[in-house]
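Trainee: coordinates only, sequence not included:
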């Protein structure tokens, strides 16, 4: 979660992701929007989150889960937030669940590294987790730890809990009003709070209700920076096994764009070669 994303605001329509940012999400497993939520909403949110947010039924629509005018609905209607959410899961996503995560001062414990899926082998769809930080998060407040590029390595939720530190991991430090979008498989965990104040984070997991194909602004799909983003490697990748991450990215990008010919260095093409013509 090391790349802050600032999207231009359009008062008429939510600003959509472009292909370069979408490729960055596919490679990193997250997109970060720094300080996009207005200060007055952040101040209101802290008091609101102190009392918790009632559960909503699995599969609720946004309108049913968060009525017009409610704090959560106003959060989701922030233009930059709405634009990224639409680009990742499309219109009318369903609410899987939400949760308020609170870290007490000097708590002394941290959450194990994990991915938020029990067993999920989908290669053509993904859920998105919105994480909202209504206050400044300093290093001593803990923040959310994440491992960039880990989201397509299939694990059974807490299989990664035994790992303590991975080279290249990211520990969130951010200004108030920051929103981070995570692929549901990204390895992450809340760090302990060593400060004197409470730390709040509000999370919503969204399920797509439409096929996740070309939901963003694809006018820059041919931009060379798209392939460059998708070719990103991370320090924790193994020399050989790490190539599987690139392979899985290609599969996801093909699904997202509908372009079955897209590839990076022929990683998928060479292992998909199955000629059907018989020898005469």
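Mentor: Happy to help now that I have it. Predicted, not measured: the structure shown is a model, and the values here were computed from it.
Trainee: ranges for the helices of this structure?
Mentor: Taking DSSP state H, the helices of the chain run over residues 19-28, 39-50, 62-65, 71-76, 79-89, 224-230, 243-257.
Trainee: return the set of buried residues in the last one.
Mentor: Residues of helix 243-257 classed as buried: 245, 246, 248, 249, 250, 252, 253, 254, 255, 256, 257 (neighbour count, 16 or more other C-beta atoms under 10 Å). (Glycine included, C-beta is placed from N, CA and C.)
Trainee: and the first one, by the same measure?
Mentor: Going by neighbour count (16+ other C-beta under 10 Å), the buried part of helix 19-28 is 19, 21, 22, 23, 24, 25, 26, 27, 28.
Trainee: show the secondary-structure elements that that helix is packed against.
Mentor: Using 3 or more C-beta pairs under 8 Å, 6 or more residues apart in numbering; DSSP states H and E as the contact definition, the elements that helix 19-28 packs against are strand 30-33, helix 79-89, helix 224-230, helix 243-257.
Trainee: which residues touch stretch 43-57?
Mentor: For stretch 43-57, contacts defined as C-beta atoms under 8 Å, 6 or more residues apart in numbering pick out 37, 64-65, 71-72, 75, 95, 97-100, 102, 132, 134-135, 200, 202.
Trainee: quick one: residue 15 and residue 217, what's the gap?
Mentor: Residue 15 sits at a distance of 9 Å from residue 217 (criterion: C-beta to C-beta, to the nearest Å).
Trainee: hmm, which of the contacts of stretch 43-57 are the buried ones?
Mentor: Buried subset of the contacts of stretch 43-57 (neighbour count, 16+ other C-beta under 10 Å): 37, 65, 71-72, 75, 95, 97-98, 132, 134-135, 200, 202.
Trainee: mind putting the residues you listed into TSV with pLDDT?
Mentor: Putting the buried ones among the contacts of stretch 43-57 into TSV (pLDDT from 0 to 100) gives the following:
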residue	pLDDT
37	98
65	97
71	96
72	97
75	98
95	98
97	96
98	97
132	98
134	97
135	96
200	93
202	97
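Trainee: dump those residues into TSV; add distance to residue 44 as well.
Mentor: Shown next, in TSV, are these (distance: C-beta to C-beta, whole Å):
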residue	distance to residue 44
37	10
65	18
71	6
72	11
75	10
95	21
97	22
98	17
132	12
134	8
135	12
200	12
202	12
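Trainee: any idea which of these is closest to residue 153?
Mentor: If you rank the buried ones among the contacts of stretch 43-57 by distance to residue 153 using C-beta to C-beta, residue 97 comes first, at 23.4 Å.
Trainee: ok, that closest one touching residue 205?
Mentor: Yes - the pair residue 97 / residue 205 is scored as a contact, 5.6 Å apart, by C-beta atoms under 8 Å.
Trainee: okay, residue 85 and residue 43: tell me how far apart.
Mentor: According to C-beta to C-beta, residue 85 and residue 43 sit 23 Å apart.
Trainee: okay, these two: which has more neighbours?
Mentor: Higher neighbour count among residue 85 and residue 43: residue 85, with 24 against 13, using other C-beta atoms under 10 Å.
Trainee: is it true that that one touches residue 92?
Mentor: No - Residue 85 sits out of contact with residue 92 when judged by C-beta under 8 Å, with a separation of 10.8 Å.
Trainee: residue contacts, the most centrally placed residue in the chain?
Mentor: Centroid-nearest residue in the chain: residue 182, 1.4 Å away (criterion: C-alpha atoms, centre = their mean). The contact partners of residue 182, by C-beta under 8 Å, 6+ apart, come to 1, 29, 30, 116, 128, 129, 131, 146, 151, 188.
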